[in-house]
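Asker: Here is my input; please provide its structure:
(one chain, ligands or ions: 1)
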Amino acid sequence: MSDFAKLKATRKSREAKKSYMSAVSNATNVALNNHCTLERSDDQAEAIILSNDDSGMQVDTAEAISTYPIASNAAPASTPESSVTISDQAMDVDVSSGELVDRAGFYNNAILSNLEVRMSTEEGKGRGIWSKAPWRPGDVLISVKPHVAALSNQNLETHCSSCFGPGEALKRCQSCKVVHYCDSKCQNADWSMHKHECPALKRWAAAAPSSSDASSSVAVPSDAVRCLGRILWRKQKLGHESIWTREIQALQSHRISLSKAVDDQHSQLHTHLAHALVRYLGLTSPEGLAEYGLHSAADLVDLVSRFTTNTFTLTSPNLTPLGACVSPAIALINHSCDPNAVIVFPRAGGEAKKDEEPRMQVIALKYITPNEEILTSYIDTTLPRTLRQATLRETYHFTCHCSLCSHSPRPVDHREAMYCPRKCSGLCSVPTEEDPLTRCTKCKSPVKDTDTVLDALRVGQEALEKAERLQFSDPKKACQLTTNLIPILTSAGLFPSTHPLLALSRLHTSLLITALPSTNPAAAIEEISSPQVQEQSGIAEVTEQESATSPTFAQQKLDEAIRASTRSNAGLSEVLQYGHPVRGIALAELGKLLSVDEPAPKDVKGPDTSPSTENTAPNLTPLLPGSASPNPMYPPSGPQRVRLAYETLARARNELLIGFGRGKNEGGEVGQEVRHLVVELEKEIGVWKTGIRNVMQSMPRTK
Ligand SMILES: C[S@@+](CC[C@H](N)C(=O)[O-])C[C@H]1O[C@@H](n2cnc3c(N)ncnc32)[C@H](O)[C@@H]1O
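Answerer: Here you go, the predicted structure:
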């Protein structure tokens, strides 16, 4: 076999790339925040009959929130006016001194070795976790199985409800027909919970308006309601004095803040959850709640508030949101918009360690010194300060004073920046309604056309919200929106990491990847030439389809996805810390796209014989310097593309080794997969080099 043939053979052996593509396509909705944003499900909460009785138990939580006083055993964290309630039954804060007293003895156990729980000196911040030792980026600080977890409704059929892994041949519970498991081992592991959940799910479905349609959204309660159900059943089983229960009881609650804002969306969500939970438990009278240790409506609201304040998004190893979970130890970590740690679910142990899943880990993102507080971000830190602050206030009831919120990055925050109007290569802050005057920080030229920029920002935000809503129900329309809006924002001069341009670029990338045509030529030919298709669709349609499955079309779409992914990566690298898991996943996604066999490569001039650039960063800027226009020569084709794929994946691996943990973790499931790809590409590049050397040696020497 000639070297060229060998090369082609290597390229063919990368057929497994189709699975890379499906892996890539799955990352359509990467979670940027660890804490869970809970949504209402259409679960007939309104149908619950609100009852008041003499015992004072009331199921209408909205009213309860404003009516009921603080439970007498609740210990305010700092001052009596504090809106924060922590540790009632756990009694771990001495009310008079405000000191943390670990009476239950559960915080400083093995989970927290080289870490400790302390009371924050900052007003209202409550407890937090501090480091007792130095840590390096990529170190695993905490590794636990959550106390409870539940898949979101859309993942119930595609993932195992015990180990939370994906599966193609999952087995459905015969009785409730809702949850699925890999096998009987997974089912047995979940049985102690599911035996309570199963009849509750059946009861819920039977009461749903169209109970015949088990897949309808009203037939299954939301993940939040199912998680809350699991908390109460487990609490009942283990006893109210067990450490497990006391850890849940010790979670921080914001019930009092809710009472001050009964009409806001967040309070409505609480009311809705409380209603739905009562119904899910099948309770007909309020006394029924007592068997779960809830003796007043205030207790119920406290439980829901603890849950919403301390719930995390359970994600796949590529950060796709899968559901919700609660871990009291990890929930002790306070927030910063510039965090030194992240929370991930790396699934690093593969099949062999499946029974330990889902494993939730806190990973150091930066060097951490002893006596430094461990801080993660509850929200998307690519957002500008005003949006971050609004989300934190609304959902977590505090004002963030982290370094990023107190001192805006100088000279310009890249989350709200635009290019100099005179293209001097400097940047300006984007204008705002309140502060329309802005100038280039380098040449001091003012931005004159502020209305155009303000309009672009406004329509960009509206389009983003609309496209996010449509991304699953009507992805084509969502893609149309992102395709139309991105050029408007870039021509207004916005910097790639500016909000909402970055968010639109990321959504656009994931929509393009999901819509990629099959890159398998065999499949494409089959679709074109199938007589059935020809008969049914008529010639005109076949021609249309032909173009949609032609290699040239596939190449165009692939290149478009690569350009979009490159633009997203360029934006993310401006605003996220090196090694942030979102950066690692986005880079891996780009590397995989670049490593896909080109369906219709451009004229391949010959192998890239340039020296290895393993340690240099690939050029991820498809933009012409100082402007928002894409470089028309990007992406490269042939061997240059293979080399770029190799460099991008090698760089992704380095970042994944931080974001998903070094050592045994090996960057989690995605990091391990990327390592295999890097090795394959290295071999391929080696074949190119050998081929070139052989060709050179066989050529007659010229004097
Ligand atoms: C998940 S809990 C964190 C642990 C909590 N401090 C405790 O004592 O249980 C989230 C709550 O902690 C408080 N918190 C977290 N980060 C904060 C910060 N940076 N500043 C002020 N309060 C914060 C807020 O009350 C927030 O709702």
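
Asker: use CA for all of it now, contacts and neighbours both
Answerer: Will do.

Asker: what's the burial count for whichever residue of the stretch 351-500 of the chain sits closest to the ligand?
Answerer: Nearest residue of the stretch 351-500 of the chain to the ligand (C-alpha to the nearest ligand atom) works out as Y396 at 3.7 Å. Counted with other C-alpha atoms under 10 Å, the neighbours of Y396 add up to 19.

Asker: Got the confidence number for the residue lying closest to it once chain neighbours are set aside?
Answerer: Excluding its sequence neighbours, the residue lying closest to Y396 (C-alpha to C-alpha, 6 or more residues apart in numbering) is T309, at 6.1 Å. Here the pLDDT value assigned to T309 is 92.

Asker: On the three-state scheme, T309 is what?
Answerer: The assignment at T309 comes out as helix when based on DSSP: H, G, I helix; E, B strand; the rest coil.

Asker: contacting residues around it?
Answerer: T309 is in contact with 252-254, 395-396, counting by C-alpha atoms under 8 Å, 6 or more residues apart in numbering.

Asker: Could you work out the most separated pair of these?
Answerer: Spatially, the most separated pair among the contacts of T309 is Q252 and T395, at 13.0 Å (C-alpha to C-alpha).

Asker: How about the residues of this protein by the ligand?
Answerer: By the rule C-alpha under 6 Å from any ligand atom, the part of the chain lying against the ligand is 124-128, 251-252, 309-310, 331-336, 396-398, 400.

Asker: roughly how far apart are the nearest residue to A208 once chain neighbours are set aside and the ligand?
Answerer: In this structure, A208 finds its nearest non-sequential neighbour in A219, 5.5 Å apart by C-alpha to C-alpha, 6+ apart. In this structure, A219 and the ligand are 31 Å apart, going by C-alpha to the nearest ligand atom, to the nearest Å.

Asker: what pLDDT does A219 get?
Answerer: 90.

Asker: what's the neighbour count on it?
Answerer: A219: 26 surrounding residues under other C-alpha under 10 Å.

Asker: I'd assumed A205 was in contact with it.
Answerer: Yes: if you go by C-alpha atoms under 8 Å, A219 and A205 touch, sitting 4.4 Å apart.

Asker: any weak-confidence spans in the chain?
Answerer: Applying pLDDT under 70 to the chain flags the ranges 1-111, 210-218, 257-264, 286, 518-548, 603-630, 701-703.

Asker: Following the record's annotation, map out the domains of it.
Answerer: The chain breaks down into these structural domains: 3-33+499-698, 39-152+222-378+383-398, 413-498 (assignment by automatic domain parsing).

Asker: mind checking which of those is nearest C198?
Answerer: Closest approach to C198 among the domains of the chain (C-alpha to C-alpha): domain 39-152+222-378+383-398, 10.7 Å.

Asker: how about the helices in the stretch 401-550 of the chain?
Answerer: 403-406, 450-470, 475-491, 501-514, 521-529, 531-549 (DSSP state H, counting those that start in this stretch).

Asker: do the same with the stretch 151-300 of the chain
Answerer: Here the stretch 151-300 of the chain has its helices, by DSSP H, counting those that start in this stretch, at 184-207, 223-238, 243-249, 255-260, 265-280, 297-310.

Asker: Let's see the third one as PDB, backbone CA atoms only.
Answerer: Included here for helix 243-249 are C-alpha records, laid out as PDB according to Å, rounded to 0.1, in the frame of the first residue of the first chain:
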ATOM      1  CA  ILE A 243     -27.500  12.500  60.000                       C
ATOM      2  CA  TRP A 244     -29.000  12.300  56.500                       C
ATOM      3  CA  THR A 245     -32.200  14.100  57.500                       C
ATOM      4  CA  ARG A 246     -30.300  16.600  59.700                       C
ATOM      5  CA  GLU A 247     -28.000  17.500  56.800                       C
ATOM      6  CA  ILE A 248     -31.100  18.200  54.700                       C
ATOM      7  CA  GLN A 249     -32.700  20.200  57.600                       C
END
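
Asker: Grab the nearest non-local neighbour of G579.
Answerer: Nearest one to G579, counting by C-alpha to C-alpha, 6+ apart, is E655 at 4.1 Å.

Asker: coming back round to it: so which of Q252 and T395 has more stuff around it?
Answerer: Per other C-alpha under 10 Å, whichever of Q252 and T395 has more neighbours is Q252, with 26 against 18.

Asker: Show me which residues of the biggest helix by length in the chain are buried.
Answerer: What stands out as the longest helix in the chain, according to DSSP state H, is helix 668-698. Within helix 668-698, the residues scored as buried using 16 or more other C-alpha atoms under 10 Å are 668-672, 674-675, 677-678, 680-682, 684-685, 687-689, 691-692.

Asker: Over to stretch 471-491?
Answerer: Of the residues in stretch 471-491, 471, 475, 478-479, 481-482, 485-486, 488-490 count as buried by neighbour count, 16+ other C-alpha under 10 Å.

Asker: now do stretch 429-436
Answerer: For stretch 429-436, burial by neighbour count (16+ other C-alpha under 10 Å) applies to 429-431, 436.

Asker: L375 and L365: what is the separation?
Answerer: Using C-alpha to C-alpha, to the nearest Å, L375 is found at 10 Å from L365.

Asker: An error on my part: the question was meant for H401.
Answerer: Taken as C-alpha to C-alpha, the span from H401 to L365 is 20 Å.

Asker: of these two, who's got more company?
Answerer: Neighbour tally, H401 and L365, criterion other C-alpha under 10 Å: the higher count belongs to L365, 29 against 14.

Asker: what sits against the more buried one?
Answerer: L365 neighbours (C-alpha under 8 Å, 6+ apart): 136-138, 339-342, 577, 579-580, 658-659.
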